[in-house]
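1. Dropping a prediction and its sequence here:
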Amino acid sequence: MRDNYILTAESVTEGHPDKLCDAIADSVLDACLKHDPAARVACEVMATAGKIIVAGEITAAELPDIPAIVCQTVRETGYGPDYEVEVITHDQSGDIAGAVAQEAQMGAGDQGIMYGYACSETAELLPLPVVLAHRLTLLLTNARKTGTIQGLGPDGKAQVSVEYQNGKPCRIAAVVVSCQHDADKDMLWEIRDRELYKKEQLAQAPEDVGGAVQAENLTERENPMSDVKQINADDLRHMEGQEGLILQGCGGDPQEWVDGINRELTEAGILLDGSKLENVVSFRHDGVTCLLFPFGDAELTIGKFAMWRIQTHDRYGGTWLSDYVPNRLGGFLQAEPQPQKPRMGLVGQDGNIYAVLGRASMLLKEAGMQDKIDEMFQRCAASGDYYKALNIISEYVETELSPKSEPQKSTKKKVRNTHER
């Protein structure tokens, strides 16, 4: 950190709207705890346009007179009575209350942890617990939208606790996932037990699974990616000149993702004339399953596609192939140029073939082609003839005996820029 810099901080008086709302919420909490030390209070206050709204979840043996608390706090702050008060409160959710109201272990009533700052722990430049929690909620949303888990509601939360040693994350200490779901839904079965059941079934011999599963079917079940080719993330670095959409956090059946995304893009008017995004491939990066949807020859409206990607980024984490590779994988791999054969004139050389080989070897080493030296020596020694050996040497270095080749035409394929971003 620099020794010389300017650091700015600010503070507000008790009459500032934010400070006033905090004071009202604190006063409501104090009043609840005064009559019921076991009260659970989640109180939010908003003040605007001559109106103060108190809302939240309050479970207490005796509910205090909240409008009176508001009026007293506002009066003590120095404001007059020209405002309205609206109170919208209800009991804490029965599901949450049932989970934390236990004699053996008392909870805080709910969890709500919000923090974040720029750091180098992750590629997102955020602390690891925040990134992991975001990934879990993204997977939860994807599971609901794709139907991987039936009966999920839109509300959910993930909390990840990471243990640090010497300032570095070393292990995940705890994970909490809560989600809204149908009343008759057994989430333990969906999230944990069903996966364990699958593993147990796949571990059995084919004849043990109901007697009807053949070996080839078992192999297919072991490979859920059978309909979508799986590649290594580093393979993307060889795809310069191509474009496509990459979605992150694609758990479950990849074919369901392919069908669902194509259907969604068609309904949005992005895919035209019945075309689809085909040859989709799967890869894993940073512990997350991702899908690449190449544009290929699909007829699409790229302007709408770009807007759709931005609007759905929170759901799918979508990014373009040309953005993902440089920012996540370090960039595309350029083809290494082939070293040029060094030039060596035979005129004036010693008639001793080994002297010629020595000169050629030195030139090959200077040109960075050391791997060719042993091969050249072995071929010359096996030829048993001076002139044959000279011709062999002329294959490795440019001499008067080397064949004159036509200038090579570029083999680089021109790519039409039909998918401008």
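-> Arrived safely, thanks for sending.
2. Give the buried residues for the helix or strand residue 76 falls within.
-> Taking DSSP states H and E as the definition, one finds residue 76 inside helix 66-77. Under the neighbour-count criterion of 16 or more other C-beta atoms under 10 Å, helix 66-77 has 66, 69, 70, 71, 73, 74 buried. C-beta here means a position set from N, CA and C on the backbone, and glycine is covered the same way.
3. So which residues of this protein form helices?
-> Defined through DSSP state H, the helices belonging to the chain, from first to last, are 17-35, 66-77, 94-100, 128-146, 187-188, 194-203, 215-222, 254-267, 302-311, 313-316, 321-324, 353-366, 373-383, 386-396.
4. among the ones you listed, which gets the worst mean confidence?
-> Lowest mean pLDDT of those: helix 215-222, a mean of 35.
5. What residues does the residue sitting nearest the centre point of the chain make contact with?
-> With the centre of the chain defined as its mean C-alpha position, the nearest residue by C-alpha atoms, centre = their mean is residue 248, 4.8 Å away. With contacts defined as C-beta atoms under 8 Å, 6 or more residues apart in numbering, residue 248 is in contact with 138, 285, 288, 290, 316, 317, 318, 319.
6. Most neighbours among the residues you listed, please name it.
-> Highest neighbour count within the contacts of residue 248: residue 316, with 23 neighbours (other C-beta atoms under 10 Å).
7. what separates that residue from residue 261, distance-wise?
-> Here residue 316 is placed at a distance of 8 Å from residue 261 (C-beta to C-beta, to the nearest Å).
8. How about residue 239?
-> Relative to residue 261, residue 239 is positioned 19 Å away (C-beta to C-beta).
9. Comparing those two, which residue is more hemmed in?
-> Each of residue 239 and residue 261 had its neighbours counted (other C-beta under 10 Å), and the higher figure belongs to residue 261 (23 against 18).
10. one step back: would you tell me which one of the contacts of residue 248 comes nearest to residue 307?
-> residue 318 (11.5 Å; C-beta to C-beta).
11. residue contacts, the closest residue to that closest one other than its chain neighbours?
-> Nearest residue to residue 318 in three dimensions, chain neighbours excluded: residue 309, at 4.5 Å (C-beta to C-beta, 6 or more residues apart in numbering). For residue 309, the residues meeting the contact criterion (C-beta under 8 Å, 6+ apart) are 245, 318, 319, 320.
12. per-residue confidence for the second one?
-> Read it as residue 318. Here the pLDDT value assigned to residue 318 is 89.
13. Can you verify my assumption that it contacts residue 250?
-> No: judged on C-beta atoms under 8 Å, residue 318 makes no contact with residue 250 at a distance of 10.7 Å.
14. got a list of what residue 128 touches?
-> Neighbours of residue 128 in contact, by C-beta under 8 Å, 6+ apart: 121, 122, 162, 169.
15. residues contacting the first one?
-> It stands for residue 121. Counting by C-beta under 8 Å, 6+ apart, residue 121 makes contact with 127, 128, 131, 169.
16. who are the neighbours in contact with the third one?
-> Yep, that's residue 131 we're talking about. Applying C-beta under 8 Å, 6+ apart, one finds that residue 131 lies in contact with 121, 122, 124.
17. Could you give the backbone dihedrals for the first one?
-> Backbone geometry at residue 121, expressed as degrees, to the nearest 10, gives phi -70, psi -30.
18. rewinding a little: please identify the most buried of the helices of the chain.
-> When neighbours are counted by mean count of other C-beta atoms under 10 Å, the highest per-stretch mean among the helices of the chain falls to helix 128-146, a mean of 19.
19. Let me know the angle separating that helix from helix 254-267.
-> Helix 128-146 and helix 254-267 are oriented at 70 degrees to each other (axes from the mean of the first three to the mean of the last three C-alpha atoms, to 10 degrees).
20. okay, helix 128-146 in PDB with CA atoms only?
-> Listed in PDB are the C-alpha atoms of helix 128-146, where the atom choice follows Å, rounded to 0.1, in the frame of the first residue of the first chain:
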ATOM      1  CA  LEU A 128     -14.400 -17.600  -2.300                       C
ATOM      2  CA  PRO A 129     -17.500 -18.000   0.000                       C
ATOM      3  CA  VAL A 130     -19.400 -15.500  -2.100                       C
ATOM      4  CA  VAL A 131     -18.500 -17.200  -5.400                       C
ATOM      5  CA  LEU A 132     -19.400 -20.700  -4.000                       C
ATOM      6  CA  ALA A 133     -22.700 -19.400  -2.600                       C
ATOM      7  CA  HIS A 134     -23.600 -17.800  -6.000                       C
ATOM      8  CA  ARG A 135     -22.800 -21.000  -7.800                       C
ATOM      9  CA  LEU A 136     -25.100 -23.000  -5.600                       C
ATOM     10  CA  THR A 137     -28.000 -20.600  -6.000                       C
ATOM     11  CA  LEU A 138     -27.400 -20.600  -9.800                       C
ATOM     12  CA  LEU A 139     -27.500 -24.400  -9.800                       C
ATOM     13  CA  LEU A 140     -30.700 -24.300  -7.700                       C
ATOM     14  CA  THR A 141     -32.300 -21.900 -10.200                       C
ATOM     15  CA  ASN A 142     -31.200 -24.000 -13.100                       C
ATOM     16  CA  ALA A 143     -32.600 -27.200 -11.400                       C
ATOM     17  CA  ARG A 144     -36.000 -25.500 -11.100                       C
ATOM     18  CA  LYS A 145     -36.100 -24.000 -14.600                       C
ATOM     19  CA  THR A 146     -35.000 -27.200 -16.400                       C
END
